[in-house]
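*Asks:* Let's see this in three dimensions:
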Amino acid sequence: MQPIIETLRLVLTPAVPGDASQLHALLVAPEVRRFLFDDRVLAMDEVAGLLAEALALGRDGLGFWMLVTKVGGFVGLAGLMPVFAGAVATFPDFAGDIEPTIALAPEAWGHGYAREALAAVMAHAGALGRHRVAALVDAPNMRSHRMVERAGFARIGAAPGPRYTLVAYVAETPRKN
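*Replies:* Numbers count the residues shown, from 1 in each chain. So this is what the prediction gives:
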């Protein structure tokens, strides 16, 4: 089951079917889709399909969370999902691993929300007994490289991706004592 996760400034609430329109608006923003979807504009039914996949994973504690500031403003999406099949084909060691997804509304960039949300989902992954998380970052996405490196991810390789070279990272999750 996906919990509600609170951080210093954010509340991560499990996504629900009614969030599809808000997610669609976020994911089609040019600045967001540039690296997350290789600049492809997703149709509403594609976003609904992604959301349905995430909702099905909720029973395992995975899926999407809506990111809302504690003062009530929607700032984006965080997720923990299985590493996609294309990445596993390139990086076979990622089979069975999960990866974080962070998508922030451009007006929320530069405030540390992405790093805060990443730390929260990493801690949640550890609480689920997941000891390792993988991340794939498009080579030119310098913001994401800095974020995962600051979160303790180590670069392990690179391979051609659909649009850009994908840089692979792994990190151990925080351990519960």
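*Asks:* Need the residue closest to the centroid of the protein.
*Replies:* Note on the chain: the residue nearest the mean C-alpha position is T101, at 0.8 Å, using CA atoms, centre = their mean.
*Asks:* so that one sits in a strand?
*Replies:* Yes - according to DSSP: H, G, I helix; E, B strand; the rest coil, T101 belongs to a strand.
*Asks:* in what helix or strand does the closest residue to it other than its chain neighbours lie?
*Replies:* Closest residue to T101 apart from its sequence neighbours, by CB to CB, 6 or more residues apart in numbering: G79 at 3.8 Å. Yep, even glycine has a C-beta here, placed from its N, CA and C like the rest. Following DSSP states H and E, one finds G79 within strand 74-82.
*Asks:* What is that strand packed up against?
*Replies:* Contacts defined by 3 or more CB pairs under 8 Å, 6 or more residues apart in numbering; DSSP states H and E place strand 74-82 against helix 20-27, helix 44-56, strand 63-69, strand 98-104, helix 113-127.
*Asks:* These into CSV, with extra columns for mean pLDDT and distance to P14?
*Replies:* Output for these, formatted as CSV (pLDDT from 0 to 100; distance: least, CB to CB, whole Å):
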stretch, mean pLDDT, distance to P14
helix 20-27, 97, 13
helix 44-56, 96, 8
strand 63-69, 98, 6
strand 98-104, 96, 14
helix 113-127, 96, 11
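*Asks:* quick revisit: is it true that the residue nearest to the centre of the chain touches V83?
*Replies:* No - applying CB atoms under 8 Å, one finds T101 not in contact with V83, separated by 11.1 Å.
*Asks:* circling back to that earlier point, wait, the residue nearest to T101 touches G61, no?
*Replies:* No - the pair G79 and G61 fails to qualify as a contact (CB under 8 Å) at a distance of 11.8 Å.
*Asks:* In terms of neighbours, single out the busier of these two.
*Replies:* More neighbours surround G79 than the other of G79 and G61, with 21 against 18 (other CB atoms under 10 Å).
*Asks:* Pull the contacting residues for the more buried one.
*Replies:* For G79, the contacting residues are A54, L62, G63, F64, W65, P100, T101, I102, V121, by CB atoms under 8 Å, 6 or more residues apart in numbering.
*Asks:* mind running it again at 10 Å?
*Replies:* 12, 15, 50, 54, 57, 62-65, 98-103, 117, 121 (CB atoms under 10 Å, 6 or more residues apart in numbering).
*Asks:* Drop anything exposed from those residues.
*Replies:* Among the contacts of G79, those classed as buried by 16 or more other CB atoms under 10 Å are 12, 15, 50, 54, 57, 62-65, 98-103, 117, 121.
*Asks:* closest to P3 out of the helices and strands packed on strand 74-82?
*Replies:* Across the helices and strands packed on strand 74-82, P3 has its closest neighbour in helix 113-127 (7.2 Å, CB to CB).
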